[in-house]
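Colleague: here's a sequence, model it:
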Amino acid sequence: MKHITILGSTGSIGVNALQIIRANPDCYRIVALTAAKNTRLLQEQIAAFRPKVVAVLNQAVALELKNRLTGASPPEILYGEHGYTEVATLEEADTLISAMTGAAGLVPTYEAIRSGKEIALANKETLVMAGQIIMNEAKARGVSIRPVDSEHSAIWQSLRGHPKEDVSRVILTASGGPFRNASVESMKNMVAAQALKHPNWDMGPKITIDSATMMNKGLEVIEAKWLFDLPMDQIGILIHPESIVHSMVAYKDGSVIGQLGVPDMKIPISYALSYPRHLPNSLPPLDFGKIGTLTFAEPDLQKFKCLDLALKAAQEGGSMPAVLNAANEMAVEAFLQGRIGFLNIPELIEKTLTAHRTRDIDSMETVLAVDKWARKTTERFIDGS
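Modeller: Here you go, the predicted structure:
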């Protein structure tokens with residue numbers, strides 16, 4: 001029986017995780033949940049899973065949730081960064097599903113590692129911003145970090161049982177997003193409603209926009225570098241529109257091992273929780289007779305400038321990935337608000353990266369200071385545009 005806390009229970013990963021947990025009551029029990037502002041859904045989750053503690057964005061949301069909870073024995077309600085961190089480190093939990101969106105998930109995940117929790121990691125920003133610090137802390141505490149992203153789960157599974165020194169390359173696959181076949185000229189006029197129509201995956205708005213710009217794949221490359229302790233030149237990307245091959249590992253003898261499956265996040269979430277078991281689920285099996293053709297292509301780095309910027313920031317290292325992440329979060333939010341155009345996203349990120357002088361990431365305080373600087377700088381550029 002695993003005792004689980006979910007950071008981000010009302011997002012797409014959290015909702016899918018709870019479906020898995022509901023289907024396996026003999027394996028998992030919920031200890032705590034967190035959300036931002038979706039008190040309606042959180043109320044339903046509290047009624048279904050009866051967590052001991054919940055945390056939300058701020059005091060106003062906490063009061064709104066409290067007023068919704070009319071039943072007996074309501075959970076303790078916490079709020080803010082302190083509340084998220086307290087929930088992440090609860091003694092009663094042994095496993096944390098880190099599924100908050102963006103940089104907000106960094107500190108609670110880090111503190112969960114420091115308190116010895118096993119981590120099912122969906123919050124890629126944790127490793128993008130502070131990969132060395134996070135992996136060093138996990139190693140020191142004997143904590144395993146199990147990937148939830150479908151691509152990293154595929155690599156993790158394809159590496160099992162093989163000596164690391166035999167690896168030639170890992171290959172992350174990417175759907176190409178909703179604008180895979182769009183021209184750069186047409187992308188100038190794309191609005192949020194168009195960018196949010198992902199062809200294969202049902203995800204939250206921020207990650208869906210990241211898929212449209214292909215920034216998401218750049219962040220995943222940085223995450224893979226830290227998760228699997230790989231140099232950048234051993235990590236490749238291929239566009240795979242069908243999203244059936246979730247990623248692959250090429251070995252020095254020419255063998256290529258990949259993980260295939262229907263495009264549904266329940267599979268990697270379930271494996272991160274049940275490792276090394278593959279527990280049954282309600283998803284339809286992959287029908288090879290009906291798949292048809294699987295296609296692969298190199299990404300266009302001139303068209304998808306965000307991916308190019310992410311790869312360059314990864315090569316630079318140090319504080320650059322943290323700046324990249326912060327600038328991207330600010331630019332995506334501005335796009336969703338209608339303040340900037342779609343192609344302004346990479347322009348703003350590049351301006352912020354250019355304005356930054358790389359420094360070593362030697363502490364969590366440094367990471368947070370760099371993040372704060374990058375957000376303020378990007379906001380100034382947004383206002384100026």
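Colleague: what residue ranges in this protein score low on pLDDT?
Modeller: 198-203, 385 (pLDDT under 70).
Colleague: what's the domain layout of it?
Modeller: 2-147, 152-264+290-384 (automatic domain parsing).
Colleague: quick one, strands of the stretch 101-250 of the chain?
Modeller: Applying DSSP state E, counting those that start in this stretch to the stretch 101-250 of the chain gives strands spanning 118-121, 145-147, 167-174, 235-239, 245-251.
Colleague: most tightly surrounded among those?
Modeller: strand 118-121 (a mean of 24; mean count of other Cβ atoms under 10 Å). (Each C-beta comes from the backbone N, C-alpha and C, glycine too.)
Colleague: packing partners for that one?
Modeller: Counting contacts by 3 or more Cβ pairs under 8 Å, 6 or more residues apart in numbering; DSSP states H and E, strand 118-121 is packed against strand 95-98, helix 106-114, strand 145-147, helix 266-274.
Colleague: work out the gap between the shortest one and the centre of the chain.
Modeller: Translated: strand 145-147. Put simply, strand 145-147 sits 11 Å off its chain's centre (Cα atoms, centre = their mean, to the nearest Å).
Colleague: just to revisit the earlier point, which of the helices and strands packed on strand 118-121 sits closest to L127?
Modeller: strand 145-147 (8.4 Å; Cβ to Cβ).
Colleague: ok, back up a step: quick one: closest of the domains of the chain to L279.
Modeller: domain 2-147 (6.4 Å).
Colleague: quick one: end-to-end length of the closest one, please.
Modeller: 17 Å (Cα to Cα, to the nearest Å).
Colleague: and what of stretch 31-46?
Modeller: Start-to-end, stretch 31-46 (Cα to Cα) is 10 Å.
Colleague: how far does it sit from its chain's centre?
Modeller: 19 Å.
Colleague: residues in contact with that stretch?
Modeller: Outside stretch 31-46, the residues within contact range by Cβ atoms under 8 Å, 6 or more residues apart in numbering are 3-10, 14-15, 18, 49, 51-57, 61, 64-65, 68-69, 74-75, 83-84, 87, 90, 92-93, 100, 108.
Colleague: what about burial for those, which qualify?
Modeller: Buried members of the contacts of stretch 31-46, scored by 16 or more other Cβ atoms under 10 Å, are 3-10, 14-15, 18, 49, 51-57, 61, 64-65, 69, 75, 83-84, 87, 90, 93, 100, 108.
Colleague: just the CA trace of stretch 135-144, in PDB.
Modeller: Output of stretch 135-144 as PDB, limited to C-alpha atoms (Å, rounded to 0.1, in the frame of the first residue of the first chain):
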ATOM      1  CA  MET A 135      19.600  14.900  -8.600                       C
ATOM      2  CA  ASN A 136      22.300  15.400  -6.000                       C
ATOM      3  CA  GLU A 137      19.800  15.700  -3.200                       C
ATOM      4  CA  ALA A 138      17.900  12.600  -4.400                       C
ATOM      5  CA  LYS A 139      21.100  10.600  -4.500                       C
ATOM      6  CA  ALA A 140      22.100  11.800  -1.100                       C
ATOM      7  CA  ARG A 141      18.700  10.800   0.400                       C
ATOM      8  CA  GLY A 142      18.400   7.500  -1.500                       C
ATOM      9  CA  VAL A 143      15.300   8.800  -3.200                       C
ATOM     10  CA  SER A 144      14.200   7.500  -6.600                       C
END
